[in-house]
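Peer 1: Fold the following for me, if possible:
(2 chains)
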Amino acid sequence: MLDIKYIRDHREELKENYVHRRATADIDELLALDDKRRAMIAEVDALRSTRNHGSKGRPSDTEILRMRQIGEEIKEKEAELQKIEEKYRLLLSRMPNRIHPDTPIGNDEAGNVVVRTIGNPPAFSFPPKEHWDLGAMRGLIDTERAAKVSGSRFAYLKSDLVRLQFALIQHVLSFVTNEPALKRIIKKQKLGVSSRPFTPVIPPVMIRPEIMQKMARLEPKEERYHIPSDDLYLVGSAEHTLGPIHMDETIEEKNLPIRYLGYSTAFRREAGSYGKDTKGILRLHQFDKLEFESFTTAEQGEEEQNFLIALQEHLMQSLGIPYRVVRKCTGDMGAPDYREFDIEAWLPGQKTYRETHTSDYMTDYQSRRLNIKVKKENGQTEFAHMNDATVFAIGRTLIAIMENYQKHDGRIAIPKVLQPYLGKKIV
RNA sequence: GGAAGGAUCGCAUAGCGGUCUAGUGCGCGGCCCUGGAAAGGCCGUAUGUCCGAAAGGGCAUCGAGGGUUCGAAUCCCUCUCCUUCCGCCA
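Peer 2: Here you go, the predicted model:
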């Protein structure tokens, strides 16, 4: 949610933003409603003030009669105000975040800009296979049986692929909790951020609708799994329950940044992608994911995102997977995002880059609704700035490893950093 | 799943329809006292919102939402969370 004062003061700038974002939000309507709302608040408050004074002590019978009338009037005005308030809140909550000035302008995916490409696609002396062929050949992925049991877009991951998943998790855990290693990255990239390590968290995978709403992640609802008997949603990412972890709290500035590494299963209905990526495990209803979530001051928010991206890239490089970093354009960004980058990994089987990571800097857009505040050293309070970024979408990372490290016979070499966890060089 | 109790200002507590503009203690900040400190004394110590250039003022908030009343922390209803006991259970 945006600050209404910001909207009042930046009306034209936001209008332009929303055109670029292809958002339908109507700022004029919102501000007209805001004027009406404020006038009504003044009226109601004045009436309440009269009643508060009139009802002091033991009023006379005539006073009581008069106060009763004022009470009626208050009730009417309150009802009217409530209607305005509801519409106002709905419109306000639909206003997308403002956009970082450097954001490329574009209508859709085609407007995204490749910032850098790292690593060279490996050369093969044979036609590289797609992961589903490799997975079937080596008994690592079974989507056929999963379809019988659970339907399409589910999979059994098996044997060494499972061990590879856990190796990957161990690799990440030991890295992001290792302060000297983080320090080296910060130094190398010349970043102005704290080296405080991440706290690993296994968060709940079910969430209340109102919290999901506050995270601005409930929509599109068709994308979410809902459990009607308990009115809970299954999370689509650890972000959904990590973001609200400090809801209604005020954090001392000296305790920032707060950094979490979340590990959870993510659930997605994939309602809008019928027929897309139906083979293999690229697009499943259920997959496991490691996720960064961090809370900072306003001043530190953008640099924190740079840090998270540096970590994403470091981890990709540690696996030796070729990738490119993409700056999302205005028309392709999520509504809560101020600045968004994706990482796309090279998949030799598909001979293309596919999205494996995203990094969202949301400024105070989420924290305003979640009511997460920072008490600054100078005593002032402000809303925390929040960053969220993929560490590894594990399924897609497994795909990238399988396809990039495949041998002519379908065996798969193991990236060096993972070998100690697996106890093997090839599977 | 059943039964009972609870949720008040950072923490602990008081509060049983008007004197609550929520008291007290602790904590925190300032000042006095002191050579300095402790103790003691005095003062201050929430958030949101609206009006205002500011000073300041209005309104709201005692877990959340609704209701009764001229008037609600206090009475009624619903919900959430916590505690204890019983049952079930990885």
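Peer 1: Next, the one residue in chain A that gets nearest to RNA strand B: secondary structure please.
Peer 2: Evaluated by C-beta to the nearest atom of the strand, chain A has A:Met67 as its residue closest to RNA strand B, separated by 3.0 Å. Just so you know, the C-beta spots here come from the backbone N, C-alpha and C atoms, and that holds for glycine as well. Here A:Met67 takes the helix state, with states given by DSSP: H, G, I helix; E, B strand; the rest coil.
Peer 1: Same question for A:Ser194.
Peer 2: When the structure is reduced to helix, strand and coil (three-state DSSP), A:Ser194 reads as coil.
Peer 1: thought it was touching A:Asn255?
Peer 2: No: A:Ser194 lies out of contact with A:Asn255 (C-beta atoms under 8 Å); the separation is 10.7 Å.
Peer 1: quick one: which of the two has more around it?
Peer 2: A:Ser194 (18 against 11; other C-beta atoms under 10 Å).
Peer 1: Leaving out chain neighbours, which residue sits closest to that one?
Peer 2: Nearest non-adjacent residue to A:Ser194, counting by C-beta to C-beta, 6 or more residues apart in numbering: A:Pro257, 5.5 Å away.
Peer 1: To what extent is the one you found buried, counted in neighbours?
Peer 2: The burial count assigned to A:Pro257 is 22, neighbours taken as other C-beta under 10 Å.
Peer 1: Let me know whether it touches A:Gly192 as I believe.
Peer 2: No: here A:Pro257 does not reach A:Gly192: they are 11.8 Å apart, not a contact under C-beta under 8 Å.
Peer 1: which bits of chain A sit near RNA strand B?
Peer 2: Where chain A comes near RNA strand B, counting by C-beta under 7 Å from any atom of the strand, the residues are A:4, A:38, A:41-42, A:44-46, A:48-49, A:51-59, A:64, A:67-68, A:71, A:381.
Peer 1: you'd agree the residue of chain A closest to RNA strand B is up against A:Arg48?
Peer 2: No: with contact defined as C-beta under 8 Å, A:Met67 and A:Arg48 do not form a contacting pair (11.1 Å).
Peer 1: of those two, who's got more company?
Peer 2: A:Met67 (18 against 15).
Peer 1: Now do the more buried one against A:Gly379, distance only.
Peer 2: According to C-beta to C-beta, to the nearest Å, A:Met67 and A:Gly379 sit 41 Å apart.
Peer 1: Return the residues in contact with A:Asp277.
Peer 2: Contacts of A:Asp277 were listed using C-beta atoms under 8 Å, 6 or more residues apart in numbering, and they are A:Arg283.
Peer 1: That one belongs to a strand?
Peer 2: No: note on A:Asp277: no strand contains this position according to three-state DSSP, which reports coil.
Peer 1: ok but A:Leu92 is inside a helix, no?
Peer 2: Yes: note on A:Leu92: a helix contains this position according to three-state DSSP.
Peer 1: so how many other residues sit close to it?
Peer 2: By the measure other C-beta under 10 Å, the count of residues near A:Leu92 is 18.
Peer 1: Test for you: state the pLDDT assigned to it.
Peer 2: A:Leu92 is assigned 90 on the pLDDT scale.
Peer 1: That one contacts A:Leu31, correct?
Peer 2: No: with contact defined as C-beta under 8 Å, A:Leu92 and A:Leu31 do not form a contacting pair (10.3 Å).
Peer 1: Quickly note the distance from A:Phe295 to A:Arg11.
Peer 2: When C-beta to C-beta is the yardstick, A:Phe295 and A:Arg11 sit 30 Å from each other.
Peer 1: Looking at the two, which one has more neighbours?
Peer 2: A:Phe295 (26 against 14).
Peer 1: tell me the secondary structure for the more buried one?
Peer 2: Looking at A:Phe295 with three-state DSSP, the answer is strand.
Peer 1: which residues touch it?
Peer 2: For A:Phe295, the contacting residues are A:246, A:251, A:256-259, A:367, A:372, A:374, A:384-386, by C-beta under 8 Å, 6+ apart.
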